[in-house]
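K.L.:
kindly generate the corresponding structure for this input.
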Amino acid sequence: MNGPNDKFLLANGVGIPCLGFGTYKTPDGAEGAAAVRAALAEGYRHIDTAAFYGNETAVGQGIRESGLPREEIFVTTKVWNTDRGYEKARASVLESLKRLGLDYIDLCLIHWPAAPHQYPETWEQLNLGTWRALTELYQEGKLRAIGVSNFKPHHLRALMDTEVPPMADQIEVHPGQTQEETVAYCQSHGILVEAWSPMGRGALLEHPAVTVLAEKYRRTPAQICIRWCLEKGILPLPKSVTPARIAENADVFSFRLAPEDVAALDAVPPTARSHDPDEVTF
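P.N.:
Here you go, the predicted model:
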């Protein structure tokens, strides 16, 4: 990968820019639109939002105000938990399209799985119903690709034998949270792994294993974490509303981490995990 617009290929052949701009906690309105414009001006071509973030309108505004052709920008959004099931999920995606002001979405994800501890009798059917809605919208051309977020292998298995299996799984991945089982399962089944919170919600920016490499490579701790993801074939989704940090997070293509340094980051003890999909109740 030599730049933010270089692409991973999804299972259906759609290219997805290898560096995403995350918008979790980015406000709606002018500030959010400005952050999206700044990211696009810095070379990002992949914007990640969600219905739950409440900023799809600002994301769409920022895209339009960038002046870039729509086909150059890859847009991801997600179906929230209260919209699980076929009918609600389908309606949710159509509402997302309206808020974004787009004719199609490049990638749509189920935001969190319905998990066995929450719905012991119906969790698989809830996920399958939601997936059926995404599959239908994909076949209608309203979605270019479909996938999931925060799914572990046991959540994924119920979807693997469907007409259109998941193409991406967006999970929390960073040094200290490598999620080896889920990453291995996805990569062995042609599912692209995307990393939300690649800096461990900021916890890794002062971690000794990261800061020593930042000094070695004359890079920032954030750049080390983002590059680590890319070295592992994982698509990172850093987020910021600060123009300088937006630019810094995109400047990760002029260096490589040595294999021993990737291994050192792999070995960081468990740290900074925020939510386990098998324990959340929202």
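
K.L.:
which pLDDT does the model give Pro116?
P.N.:
For Pro116, the pLDDT comes out at 86.

K.L.:
distance of Glu124 from Pro165?
P.N.:
Going from Glu124 to Pro165 by C-beta to C-beta, to the nearest Å gives 15 Å. For glycine as for every other residue, the C-beta is placed from the backbone atoms N, C-alpha and C.

K.L.:
I figured Lys152 was touching Val183, is that so?
P.N.:
No: the pair Lys152 / Val183 is not scored as a contact, 10.8 Å apart, by C-beta atoms under 8 Å.

K.L.:
pLDDT below threshold where in the stretch 101-250 of the chain?
P.N.:
Applying pLDDT under 70 to the stretch 101-250 of the chain flags no residue at all.

K.L.:
how does it look with 90?
P.N.:
Along the stretch 101-250 of the chain, the model assigns pLDDT under 90 to residues 115-121, 201-202.

K.L.:
which stretches of it form strands?
P.N.:
Secondary structure of the stretch 101-250 of the chain (DSSP state E, counting those that start in this stretch): strands at 107-110, 146-149, 168-172, 192-196, 235-237.

K.L.:
other SSEs contacting the second one?
P.N.:
Of the remaining helices and strands, those touching strand 146-149 by 3 or more C-beta pairs under 8 Å, 6 or more residues apart in numbering; DSSP states H and E are strand 107-110, helix 123-139, helix 153-160, strand 168-172.

K.L.:
then the first one?
P.N.:
Secondary structure elements in contact with strand 107-110, counted by 3+ C-beta pairs under 8 Å, 6+ apart, are strand 74-79, helix 86-100, helix 123-139, strand 146-149, strand 168-172.

K.L.:
need these in a markdown table with distance to Ala195, can you?
P.N.:
Below are the helices and strands packed on strand 107-110 laid out as a markdown table (distance: least, C-beta to C-beta, whole Å):
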| stretch | distance to Ala195 |
| --- | --- |
| strand 74-79 | 13 |
| helix 86-100 | 22 |
| helix 123-139 | 21 |
| strand 146-149 | 11 |
| strand 168-172 | 7 |
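
K.L.:
let me have those in TSV, adding mean neighbour count and distance to Lys239 as columns.
P.N.:
Shown next, in TSV, are these (neighbours: other C-beta atoms under 10 Å; distance: least, C-beta to C-beta, whole Å):
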stretch	mean neighbour count	distance to Lys239
strand 74-79	26	13
helix 86-100	18	18
helix 123-139	20	24
strand 146-149	26	15
strand 168-172	24	13
